[in-house]
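Visitor: Provide a 3D model corresponding to the input given below.
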Amino acid sequence: MRNRAYLRAFEYDDLTATHIAKRTGIDPVEVTELLRYIQTIELQTTTTEVQLLQLSDRLHALRKRL
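Guide: Numbers count the residues shown, from 1 in each chain. Here you go, the predicted structure:
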């Protein structure tokens, strides 16, 4: 995603979400929600198989749209 959206650094903030939304045409609210979800998963000390599958599904859906 970083390459397709021309991001030099990847941060979980509104500026990154806005940038991705502008470059991809995806609703900024949707991008923000996905970034927060990814950050939540990354910050957890343990992740369930269900969470990993959900994350994979959401990222796959995003890649299809890019």
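Visitor: any weak-confidence spans in the chain?
Guide: Across the chain, residues meeting the criterion (pLDDT under 70) sit at 1-10.
Visitor: how about the helices in it?
Guide: Using DSSP state H, the helices of the chain run over 14-24, 28-43, 49-65.
Visitor: With mean neighbour count as added columns, please give those in JSON lines.
Guide: (C-beta placed from N, C-alpha, C; glycine too.) Putting those into JSON lines (neighbours: other CB atoms under 10 Å) gives the following:
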{"stretch": "helix 14-24", "mean neighbour count": "16"}
{"stretch": "helix 28-43", "mean neighbour count": "15"}
{"stretch": "helix 49-65", "mean neighbour count": "11"}
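Visitor: Skipping adjacent residues, who's closest to T47 in space?
Guide: Excluding the flanking residues, the one nearest T47 by CB to CB, 6 or more residues apart in numbering is I41, at 5.9 Å.
Visitor: quick one: contacts for Y12?
Guide: Remark: with contacts taken as CB atoms under 8 Å, 6 or more residues apart in numbering, Y12 is in contact with 35-36, 38-39.
Visitor: let's go with 6 Å and repeat that
Guide: Neighbouring residues of Y12 by CB atoms under 6 Å, 6 or more residues apart in numbering: 35, 39.
Visitor: quick one: it from R36, how far?
Guide: Computed as CB to CB, to the nearest Å, the Y12 to R36 distance reads 7 Å.
Visitor: One more: E30?
Guide: Applying CB to CB to E30 and R36 gives a distance of 11 Å.
Visitor: re earlier: you'd agree the residue nearest to T47 is up against L55?
Guide: Yes. If you go by CB atoms under 6 Å, I41 and L55 touch, sitting 5.5 Å apart.
Visitor: any residues in contact with both of the two?
Guide: By CB under 6 Å, 6+ apart, no residue touches both I41 and L55.
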